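Enquirer: Sequence first, predicted model second:
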Amino acid sequence: MTNRKKGLIGGVVLVIAIVIMITITYATFSKTLSINGVGVVRKQNWDVHLDDESLQLTPSGSAVVTVPSVSGTTIGNYTATFKSPGDAAVIGFEVKNTGTFKAVVSSVTIPTPIVTGSGSNKAQDEANVLAKLTYTLKNENGTPVAVGQEIPANGGVQHMVLELKYNNFDNPDLLPVNDVQITNLAVTVTYQEAN
């Protein structure tokens, strides 16, 4: 074997030895880290509803008001009959949040009542009655229910009062000649999760 071949073989052996030494040295200084854990998603629910036991019906004046039905998220089937100016139908109730998320009012819709008269004085009766009607949804303290109001989670309560009122006036010429029906009283309040 020539010196050249011996030198070449020696160089290859040297390179292999160096690579093995680097690998052993690297393996000597390496570490493996392990990260372990467990996650839990707690029970949650969204439950904003009307409290049927909180319903309070307070007619004023000579108004006759039927007791409305309450079911989950609906108050319905109430009628109000007004016999003279100043009469009002007042319905108090509570909205409860028994869910695990704070709720906030995201929209409130209070429609303008529609009045429908009959007979020869139909148009005038409608105009006179509509001018004297107010329809409001307020908080217990008298302020209007508004977007942004919050109800805390886990049993929070918002007290509300719905009022349909045939307001007082002094001119007997404005009294309706015939009965006037009042419709379009579907108030809606929408809640969403508060941030």
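Expert: Looks like it arrived, so ask away.
Enquirer: which residue sits closest to Phe101, ignoring its sequence neighbours?
Expert: Nearest residue to Phe101, sequence neighbours excluded (Cβ to Cβ, 6 or more residues apart in numbering): Glu193, at 4.7 Å. To be clear about C-beta, it is placed using only N, CA and C from the backbone, and glycine gets the same treatment.
Enquirer: Surely the one you found and Asp47 touch.
Expert: No: with contact defined as Cβ atoms under 8 Å, Glu193 does not reach Asp47; the gap is 11.8 Å.
Enquirer: Could you pull up the contacting residues of the residue nearest to Phe101?
Expert: By Cβ atoms under 8 Å, 6 or more residues apart in numbering, Glu193 lies in contact with Trp46, Phe101, Lys102, Ala103, Val104.
Enquirer: Please look at the third one and Gln149 and confirm they touch.
Expert: Yep, that's Lys102 we're talking about. No: with contact defined as Cβ under 8 Å, Lys102 does not reach Gln149; the gap is 11.3 Å.
Enquirer: of these two, who's got more company?
Expert: Gln149 (19 against 16; other Cβ atoms under 10 Å).
Enquirer: how close does that one sit to Asn45?
Expert: 21 Å (Cβ to Cβ, to the nearest Å).
Enquirer: do Leu130 as well
Expert: 43 Å.
Enquirer: Between those two, which has more neighbouring residues?
Expert: Legend: neighbour count by other Cβ under 10 Å for Leu130 and Asn45, higher for Leu130 (15 against 9).
Enquirer: pretty sure the more buried one belongs to a helix, no?
Expert: Yes: checked against DSSP: H, G, I helix; E, B strand; the rest coil, Leu130 lies within a helix.
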